[in-house]
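Enquirer: just the structure for this:
(one chain, ligands or ions: 1)
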Amino acid sequence: MKVQLLLCMLIGLAFADDADQRSLISSEEIALTKTIRSADHAATFHFHASLSDHEIDFVVKDLELLASIPDYGASTPLHRHFFQGPVSGNVYLTWLARRIDGFKRTSKRTYAAYVRGRDQKPGKTHSDIFLSNAYFSTKDQALRMSILLHEGRHVDGFKHARCRNKKVSYVSFDPISGIFRTKTRILRGLRCDDNAIGPYGAQAVFYFNYLRAHKYQGGHAFSPDERTLMDIYFFARILDERAVSGLSDDLLSPLDP
Ligand SMILES: [Zn+2]
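Expert: Prediction:
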């Protein structure tokens with residue numbers, strides 16, 4: 001079951017075109033406007049009425065955890081490239097609020113989260129993130145935070161590339177039991193990146209910088225299972241092998257100021 005849930009999420013990070021959203025959203029009503037605070041910053045996000053109260057609480061908790069990440073004053077070089085700062089709740093909250101206005105619900109099953117196609121154009125500064133069942137059934141909260149930042153990277157104008165219809169292995173990780181499971185799947189459609197600096201690169205760089213700063217107190221080590229997750233979960237979707245090796249090198253480099 002957990003494998004299926006994560007697989008849903010794995011296949012869910014993509015963009016959809018404008019026509020998809022209009023049929024999904026019946027109301028433009030905002031249910032809640034909520035200010036999220038980090039140590040030094042505050043940012044306001046809108047929550048659409050298509051989200052239940054429980055789902056709004058769920059997303060607010062993810063944003064609050066993101067904002068509460070201590071300022072570690074260090075990160076890998078690519079992390080500073082993506083987020084203009086070190087591993088820090090202040091940095092992530094400011095970065096996300098510059099790109100994301102709010103959150104809406106989607107019944108679309110293919111994607112865990114997406115932003116509108118027209119919001120992925122350079123010059124379009126803000127977007128709403130659409131969230132599906134797959135987002136709410138993803139158990140790893142760090143992975144959910146990484147999904148929000150992945151969507152933020154789309155707003156910088158980075159779209160996905162067409163996958164090569166290649167069979168790849170996936171790993172699902174249950175943070176409660178600590179169990180990793182693998183499964184293979186053929187990646188099709190616009191669900192891959194052709195460079196290291198797109199949404200999957202940003203997501204991987206956040207996820208593993210956060211893990212290292214938080215769990216390993218700035219150390220370099222990953223467990224073999226975490227390496228597998230890094231290699232397979234994120235990098236299977238990056239088509240250019242040179243981009244993968246650049247990312248991999250970055251994620252294993254020291255966390256520096
Ligand atoms: Zn995406």
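Enquirer: so how far is L190 from whichever residue of the stretch 151-257 of the chain sits closest to the ion?
Expert: Closest to the ion within the stretch 151-257 of the chain is P199: 4.4 Å, counting by Cβ to the ion. Quick note: C-beta positions are derived from backbone N, CA and C, even for glycine. Computed with Cβ to Cβ, to the nearest Å, the distance linking P199 and L190 is 11 Å.
Enquirer: out of the two, which sits in the busier spot?
Expert: Each of P199 and L190 has its neighbours counted (other Cβ atoms under 10 Å); P199 has more, 27 against 13.
Enquirer: ranges for the helices of this protein?
Expert: 2-10, 18-24, 53-68, 77-83, 89-97, 133-136, 141-155, 199-215, 224-228, 241-252 (DSSP state H).
Enquirer: and A39, which of those helices is closest to it?
Expert: helix 89-97 (5.8 Å; Cβ to Cβ).
Enquirer: run the chain-centre distance for the closest one.
Expert: Relative to the centre of its chain, helix 89-97 is centred 14 Å away, using Cα atoms, centre = their mean, to the nearest Å.
Enquirer: kindly report the same for stretch 88-96.
Expert: Using Cα atoms, centre = their mean, the offset of stretch 88-96 from its chain centre is 14 Å.
Enquirer: pLDDT of that stretch, averaged?
Expert: For stretch 88-96, the mean pLDDT works out to 98.
Enquirer: so A74 sits against Q217, correct?
Expert: No. Applying Cβ atoms under 8 Å as the test, A74 and Q217 come out as separate, 10.7 Å apart.
Enquirer: which residues of the stretch 101-250 of the chain lie near the ion?
Expert: P199 (Cβ under 5 Å from the ion).
Enquirer: so for A74 and Q217, which residue has more residues nearby?
Expert: Higher neighbour count among A74 and Q217: A74, with 18 against 9, using other Cβ under 10 Å.
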